[in-house]
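Asks: The following comprises the amino acid sequence and a computationally predicted model.
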Amino acid sequence: MNKKLYSLVLTMIFTYSIYAQTQSISLQPSYTNQSFYSMENGEVANVDNADWDLAFSTGAMSSSIRINGGMGTELYLYPLGDTTDWNAFNSSNISSWIPIHNSDTNWFIGAFDKNSTSMFDMGWGMYSIVTHFVTGDSIYAIKTVGGNWKKLWIKQLANGEYDFQYANLDGSNQVNTTITQSFFSDRNFAYYSLDQNTSLNREPASEDWDITFTKYITPVQGMTYSVAGVLSNSGVQVAQVDNLPDPNTYTDYTQHTMMTEIDIIGHDWKDFDMSIFSYVLDPNRCYFVKDLNDRVWRIVFTSFEGSSTGIVEFNTQEMTGGSTSIINANSDVSTFEIFPNPIVNNDITIIYDNLSDYVELEIYDITGKSVFSDIFYGAGFQAKRVNTSNLKQGVYVVRINSQGTVLQKKLVVN
């Protein structure tokens, strides 16, 4: 690329990026992953979402417990008795029991909290104003993400420790264990796998992310369904704005009420069109997100590829800081682009602006397998040629990492 053309390309990229630069995250095929996203810093974690069943809240004044409903965990309150029936647990009529789901508007109303009947009834147990312990008074049947049935008793929350036991429905393979809140104090939840008998530290620190792309259970036309969508972190506020001629240029966020419900973005920014057997997006909608630092950002969704790839593309722009760049001003790398895209020959050019001396490049196929990696050296504006002749036809994710700042984009090979 000669200097004149190179300068022209960079100018065009910069001009485009400050108005409508597209970001991309991948939940992987069948939405097996969960992405935690910071409006300022981009994706901060992309983790397996099928390796847990229970999520225990870690706040000192909280006793909420959620299930991994979006990925298949099912919870049923035992209808034939209480904890005294642990050994006599009768599951012969389990198909008629009524499932319990997490709240889709509040992180801290989990499936276990849904049956609360009074101020001191936590749903799964009773709170004592004398000891400040919650003592479990209910037992449950639970179907794990792996499809295995267990009986479960949350016995107590005392001194910051959840004490619980579970076993196969016939009582075999009983496990007694604890979750200590303080071990996960900077997270919203501590996670547990009933199939693997292990706790998981899978969530980033609560102050590091604003929204999460994930599967969850929500009512759709009167029925409960597992959907792929976006939920906001506790403390983040969101406003939805509809019927805009051009959502990419709308900036008047002060005219709209910011809401604290976690599903304001939710799942309905997309709709499945049976006539073309593909997802279509609402072209007249944007969202304003007030992050944990009280900065307001606009989100416009631009592409959703469904369960075949799990890739979501969207534009973000800060409204409050005087900056129109999609990239954090303190990030090491910005102006990340791929040309051409889709690929028309055996080469692509990776263009970026980097503060540090090098970036790491990875290309992943739709299964999450790395098919190419390299390290590019040099700070400032860079244009690096990559030979892609080994890539088969399909969709890939190109990711660059500079000192922990990670950006990624979809790459199409025709």
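Replies: Ah, there it is. Residues are numbered from 1 along each chain as shown.

Asks: Now for the nearest residue in space to residue 46 that is not next to it in sequence, which secondary structure element holds it?
Replies: Computed as Cβ to Cβ, 6 or more residues apart in numbering, the closest residue to residue 46 that is not its neighbour in sequence is residue 35, at 4.8 Å. Bear in mind the C-beta positions are built from the backbone N, C-alpha and C, glycine included. Using DSSP states H and E, residue 35 falls within strand 33-38.

Asks: The residue nearest to residue 46 and residue 83, how far apart?
Replies: 38 Å (Cβ to Cβ, to the nearest Å).

Asks: Of these two, which one has the most company?
Replies: residue 35 (22 against 15; other Cβ atoms under 10 Å).

Asks: bridging residues for the more buried one?
Replies: residue 46, residue 213 (DSSP bridges).

Asks: on that earlier part again, with only the CA atoms kept, save the strand holding residue 35 in PDB.
Replies: What follows is strand 33-38, C-alpha atoms only, in PDB (Å, rounded to 0.1, in the frame of the first residue of the first chain):
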ATOM      1  CA  ASN A  33     -20.800 -18.600  26.200                       C
ATOM      2  CA  GLN A  34     -21.500 -15.500  28.200                       C
ATOM      3  CA  SER A  35     -19.900 -12.100  27.500                       C
ATOM      4  CA  PHE A  36     -19.400  -9.400  30.100                       C
ATOM      5  CA  TYR A  37     -19.000  -6.000  28.500                       C
ATOM      6  CA  SER A  38     -17.800  -2.600  29.700                       C
END
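
Asks: OK, contacts around residue 316?
Replies: 23, 39, 297, 298, 299, 326 (Cβ atoms under 8 Å, 6 or more residues apart in numbering).

Asks: related to what we said a few turns ago, you'd agree the residue nearest to residue 46 is up against residue 210?
Replies: No: with contact defined as Cβ atoms under 8 Å, residue 35 does not count as touching residue 210 (11.7 Å).

Asks: neighbours around residue 352, how many?
Replies: 23.

Asks: er, residue 399 actually
Replies: 21.

Asks: Tell me if I am right that it is in a helix.
Replies: No: using DSSP: H, G, I helix; E, B strand; the rest coil, the assignment for residue 399 is strand, not a helix.

Asks: wait, doesn't it sit right on residue 405?
Replies: No: counting by Cβ under 8 Å, residue 399 stays clear of residue 405, with 11.1 Å between them.

Asks: quick one: low-confidence ranges for this structure?
Replies: Scanning the chain for pLDDT under 70 picks out 1-21, 321-335, 366-367.

Asks: now with 50?
Replies: 1-20, 322-330 (pLDDT under 50).

Asks: can you list the domain ranges for it.
Replies: The chain breaks down into these domains under automatic domain parsing: 1-21+330-414, 22-46+207-324, 54-200.

Asks: Please look at residue 341 and residue 348 and confirm they touch.
Replies: Yes: using Cβ under 8 Å, residue 341 and residue 348 qualify as a contacting pair, with a distance of 7.0 Å.

Asks: Give me the common contacts of the two.
Replies: Joint contacts of residue 341 and residue 348 (Cβ under 8 Å, 6+ apart) are residue 411.

Asks: Have a look at those two and say which one is more surrounded.
Replies: residue 348 (23 against 15).

Asks: any idea which element residue 165 lies in?
Replies: strand 161-168.

Asks: Return the distance of residue 226 relative to residue 26.
Replies: From residue 226 to residue 26 the distance is 18 Å (Cβ to Cβ).

Asks: And those two? Which one has more around it.
Replies: Higher neighbour count among residue 226 and residue 26: residue 26, with 26 against 15, using other Cβ under 10 Å.
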